[in-house]
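Enquirer: Sequence and computational prediction follow.
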Amino acid sequence: MVEIILVRHGETALNAGEIFRGLVDVELNDIGLRQAEALAEYLSGEKIDIVYSSPLKRAVKTAEAIARHHDHEVNIVRNLIDIDYGEWQGLPLKEITEKYREIYRDWMDTPEQVRIPGGECLADVSNRAMPFVEDAVMRCGEGRIVFVSHRVVNKVIICSLLGLGNSHFWNIKQDTCGITRFTFGEGRVVLTCHNDTSFLKSIEGIRRTDF
């Protein structure tokens with residue numbers, strides 16, 4: 001049996017400020033660093049066989065905290081990089097809702113039909129992320145794999161593994177540093193845990209928001 005753990009990176013200043021990130025390579029803020037360390041400690045008692053990460057700093061730092069407890073190197077994989085938000089990258093939510101009102105409304109209502117101006121659509125994310133995840137599970141054969149990525153990427157992966165289309169994107173929530181687990185065995189994929197943030201209770205100032 002293979003277990004995968006989908007990890008969303010810790011908080012950044014852009015998460016806290018409700019600013020669209022995408023390919024903007026922002027570092028974890030102080031809360032994000034503490035989240036990553038708390039998560040790493042939480043997973044330290046489990047046998048982890050391999051850690052994969054998006055190449056963006058916020059994911060890599062989160063992955064490195066986990067990998068240190070298991071004497072692993074982090075495997076950087078571009079397939080796990082955040083969605084390309086195109087013209088939205090670096091802009092605050094308020095500006096997006098005003099400047100791109102109709103597209104943003106469609107993004108919230110029918111996300112599977114929207115291509116971000118100058119950027120990607122959810123199908124693009126799925127087409128690069130899912131083949132890698134499936135291949136990693138097949139190559140592992142037996143064990144536990146950690147994938148550290150981003151809100152959009154993880155939600156698309158979760159939809160796919162549950163047999164749901166991207167129209168269900170907004171039916172799934174994953175907080176910063178939240179973890180979701182699936183097991184693969186006997187021809188079945190099973191969701192065993194979703195958006196676990198129990199290990200973050202002692203950290204003050206956390207904003208539990210899907211942004």
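Expert: Right, received. Where do you want to start?

Enquirer: Just want the most central residue of this protein.
Expert: Centroid-nearest residue in the chain: His150, 2.7 Å away (criterion: CA atoms, centre = their mean).

Enquirer: Once you drop chain neighbours, what's closest to it?
Expert: Asp82 (4.0 Å; CB to CB, 6 or more residues apart in numbering). Glycine gets a C-beta too; all of them are placed from N, C-alpha and C.

Enquirer: which residues touch the lowest-mean-pLDDT helix or strand in the chain?
Expert: In the chain, no helix or strand scores lower on mean pLDDT, DSSP states H and E than helix 13-16, which sits at a mean of 94. Residues from elsewhere that reach helix 13-16 (CB atoms under 8 Å, 6 or more residues apart in numbering): 19-21, 24, 26, 29, 31-32, 90, 176, 207, 211.

Enquirer: what element comes up after it heading to the C-terminus?
Expert: helix 30-43 (DSSP states H and E).

Enquirer: what's that following helix packed up against?
Expert: Counting contacts by 3 or more CB pairs under 8 Å, 6 or more residues apart in numbering; DSSP states H and E, helix 30-43 packs against helix 57-68.

Enquirer: May I see the buried residues of the helix it packs on?
Expert: Neighbour-count burial for helix 57-68 flags 58-67 (criterion: 16 or more other CB atoms under 10 Å).

Enquirer: Next: stretch 190-199.
Expert: 194-197, 199.

Enquirer: Tell me which residues are up against it.
Expert: 3, 38-39, 41-42, 158, 161-162, 172-175, 177-183, 208.

Enquirer: rerun at 10 Å
Expert: Where contact means CB atoms under 10 Å, 6 or more residues apart in numbering, the residues beyond stretch 190-199 that reach it are 1, 3, 5-6, 8, 35, 37-43, 154, 158, 161-162, 172-184, 203, 206, 208, 210.

Enquirer: Stretch 126-143 now?
Expert: Counting by CB under 10 Å, 6+ apart, residues outside stretch 126-143 touching it are 1-4, 6, 47-50, 52, 54, 75, 77-81, 83, 112, 120-121, 145, 147, 149, 152-154, 156-157, 159-161, 165-166, 182, 184-185, 189.

Enquirer: for that stretch, what is the average pLDDT?
Expert: Averaged across stretch 126-143, pLDDT comes to 96.

Enquirer: residue ranges with poor pLDDT in this protein?
Expert: Across the chain, the ranges flagged by pLDDT under 70 are 207-208.

Enquirer: which residue ranges form the helices in it?
Expert: 13-16, 30-43, 57-68, 93-99, 101-109, 122-140, 151-161 (DSSP state H).

Enquirer: Surely Asn75 touches Asp49?
Expert: No: Asn75 is not in contact with Asp49 according to CB atoms under 10 Å; the separation is 11.2 Å.

Enquirer: which neighbours do the two share?
Expert: With CB under 10 Å, 6+ apart as the test, Asn75 and Asp49 both reach 145-146.

Enquirer: For Ala38, which non-adjacent residue is spatially closest?
Expert: Phe199 (5.0 Å).
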